[in-house]
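Student: From the sequence below, what's the structure:
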Amino acid sequence: MREQSRTDFFTILPGEKISMDLSTTIAGVQFPTCFMNASGALCVTREELYALGRSRAGAIVTKSMTVEPRAGNPEPRYFGFPGGSINSMGLPNLGYRAYAELIPELAQFGKPVIASIAGLCEDDFLTMARVIDQARPDLIEVNLSCPNIPGKPQIAYDPVDSERLLKRLRPLITVPMGVKLPPYFDPAHHVVMADVIRRSGVDYLNLINSVGNGLVVNPRQDSPVIKPKGGFGGLGGSLIKPVALANVRAFWKLLEGRIPIIGTGGIMQGVDAFEHVLCGAWAVQVGTVLVEEGVGVFERLERELMEALAMRGQPSLHECRGKLKEL
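Tutor: Numbers count the residues shown, from 1 in each chain. Model prediction:
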């Protein structure tokens with residue numbers, strides 16, 4: 001007799017295929033599955049974006065683009081270690097004109113295209129928004145939270161600057177507009193930024209970008225593991241999941257579940273995605289695990305999330321979104 005495990009509503013047999021609804025809708029855009037790449041993870045070049053299109057990813061998210069092409073920070077600028085990663089990539093990208101040409105091509109894969117823009121100054125965002133909007137991606141994501149540009153502070157830590165920029169962008173963007181935010185560590189900051197989001201016409205949130213300015217040391221060489229910024233870089237992977245979950249939950253509650261949230265941070269297994277959904281996420285993005293395993297990771301994560309839902313008797317993501325219980 002084959003070994004089996006009983007659930008409330010399902011019997012899962014080894015090797016059995018599980019079919020569940022992992023689709024989601026964000027700002028009126030339908031996603032075939034809730035998993036997608038985080039901007040910055042294997043999404044810079046045409047080849048990388050095409051690989052995402054052919055994969056099981058539920059969307060294609062571009063690298064955060066700047067006005068001019070950028071080579072990024074000097075190597076080594078990424079390092080993976082047990083429990084996470086550190087990077088200081090410095091926004092290497094093809095420049096917004098190249099992505100504007102690529103976006104119509106990416107539509108052939110039949111899944112949403114999210115164009116991420118990250119200006120080095122306020123006017124950069126406005127320049128890119130006009131052209132990228134004309135290329136007709138499904139959504140435009142305004143990245144206010146890159147921590148790895150030397151001398152450039154994260155805009156989203158200044159609520160006044162953030163609100164001014166978002167209100168200038170909103171009339172220029174006709175597709176749904178999202179905002180990628182950094183981690184906030186004080187409830188007062190959550191409250192302030194939630195008010196900014198309400199007033200600025202934002203259609204969805206992406207929480208969170210990497211936890212900025214960590215330092216990982218190689219004790220054998222008496223040096224940091226990455227070169228830029230004296231070794232300081234953004235942290236990702238499992239070690240930042242509690243911070244990401246806290247931000248997802250805080251904004252879910254403050255915004256009363258009315259603005260869709262993409263949860264990003266610490267998703268290494270399917271159950272991690274389930275935790276993000278419990279806290280209030282509509283979908284999730286993966287970075288560290290995608291870099292480490294490649295685009296085949298989407299199939300694994302999808303299977304693991306379906307197993308997690310089956311073990312709880314949940315037929316879809318919608319049934320458990322935001323249902324985190326209080327102790």
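
Student: give me the number of residues near Leu144?
Tutor: Neighbour count for Leu144, taken as other C-beta atoms under 10 Å: 23. C-betas here are computed from N, CA, C, even on glycine.

Student: what residues are up against it?
Tutor: Gln154, Ile155, Ala156, Ser162, Leu165, Val179, Lys180, Leu181, Pro182 (C-beta atoms under 8 Å, 6 or more residues apart in numbering).

Student: Between all of those, which two are separated the most?
Tutor: Farthest pair in the contacts of Leu144 (C-beta to C-beta) is Leu165 and Pro182. Separation: 14.7 Å.

Student: the helices in the stretch 51-200 of the chain, which residues?
Tutor: In the stretch 51-200 of the chain, the segments counted as helices under DSSP state H, counting those that start in this stretch are 96-106, 122-134, 159-169, 187-199.

Student: could you redo those helices as a markdown table and give each row mean neighbour count, distance to Glu275 and mean pLDDT?
Tutor: As requested, the helices of the stretch 51-200 of the chain are arranged in a markdown table below (neighbours: other C-beta atoms under 10 Å; distance: least, C-beta to C-beta, whole Å; pLDDT from 0 to 100):
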| stretch | mean neighbour count | distance to Glu275 | mean pLDDT |
| --- | --- | --- | --- |
| helix 96-106 | 19 | 30 | 98 |
| helix 122-134 | 17 | 32 | 97 |
| helix 159-169 | 17 | 27 | 97 |
| helix 187-199 | 16 | 19 | 98 |
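
Student: For Glu122, which non-adjacent residue is closest in space?
Tutor: Leu165 (5.4 Å; C-beta to C-beta, 6 or more residues apart in numbering).

Student: so what's that neighbour up against?
Tutor: Per C-beta under 8 Å, 6+ apart, neighbours of Leu165: Glu122, Phe125, Val142, Leu144, Ile155.

Student: mind checking how far it is from Arg130?
Tutor: Look at Leu165 and Arg130: by C-beta to C-beta, to the nearest Å, they are 14 Å apart.

Student: swap in Ala118?
Tutor: Applying C-beta to C-beta to Ala118 and Arg130 gives a distance of 16 Å.

Student: partners of Asn93 in the sheet?
Tutor: Note on Asn93: beta-bridge partners by DSSP bridges are Arg70.

Student: thought it was touching Val44?
Tutor: Yes: using C-beta atoms under 8 Å, Asn93 is in contact with Val44, at 5.9 Å.

Student: between these two, what contacts are shared?
Tutor: With contacts defined as C-beta under 8 Å, 6+ apart, the residues shared by Asn93 and Val44 are Lys63.

Student: Show me which of the two is the more surrounded one.
Tutor: When Asn93 and Val44 are compared for neighbours, Asn93 comes out ahead with 26 against 22, by other C-beta under 10 Å.

Student: so who does the more buried one touch?
Tutor: Val44, Lys63, Ser64, Met65, Thr66, Pro69, Arg70, Gly72, Tyr99.

Student: which two in the residues you listed are spaced the farthest apart?
Tutor: Pairwise over the contacts of Asn93, using C-beta to C-beta, the maximum falls at Gly72 and Tyr99, 15.5 Å.

Student: In JSON lines: the contacts of Leu144, plus distance to Lys323.
Tutor: Output for these, formatted as JSON lines (distance: C-beta to C-beta, whole Å):
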{"residue": "Gln154", "distance to Lys323": "31"}
{"residue": "Ile155", "distance to Lys323": "33"}
{"residue": "Ala156", "distance to Lys323": "28"}
{"residue": "Ser162", "distance to Lys323": "30"}
{"residue": "Leu165", "distance to Lys323": "34"}
{"residue": "Val179", "distance to Lys323": "25"}
{"residue": "Lys180", "distance to Lys323": "25"}
{"residue": "Leu181", "distance to Lys323": "23"}
{"residue": "Pro182", "distance to Lys323": "26"}
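
Student: So which of those are in strands?
Tutor: Val179, Lys180, Leu181 (DSSP state E).

Student: And stretch 305-316, end to end?
Tutor: Using C-alpha to C-alpha, to the nearest Å, the end-to-end distance of stretch 305-316 comes out at 10 Å.

Student: in that stretch, what counts as buried?
Tutor: Leu305, Met306, Glu307, Ala308, Leu309, Ala310, Met311, Gln314 (16 or more other C-beta atoms under 10 Å).
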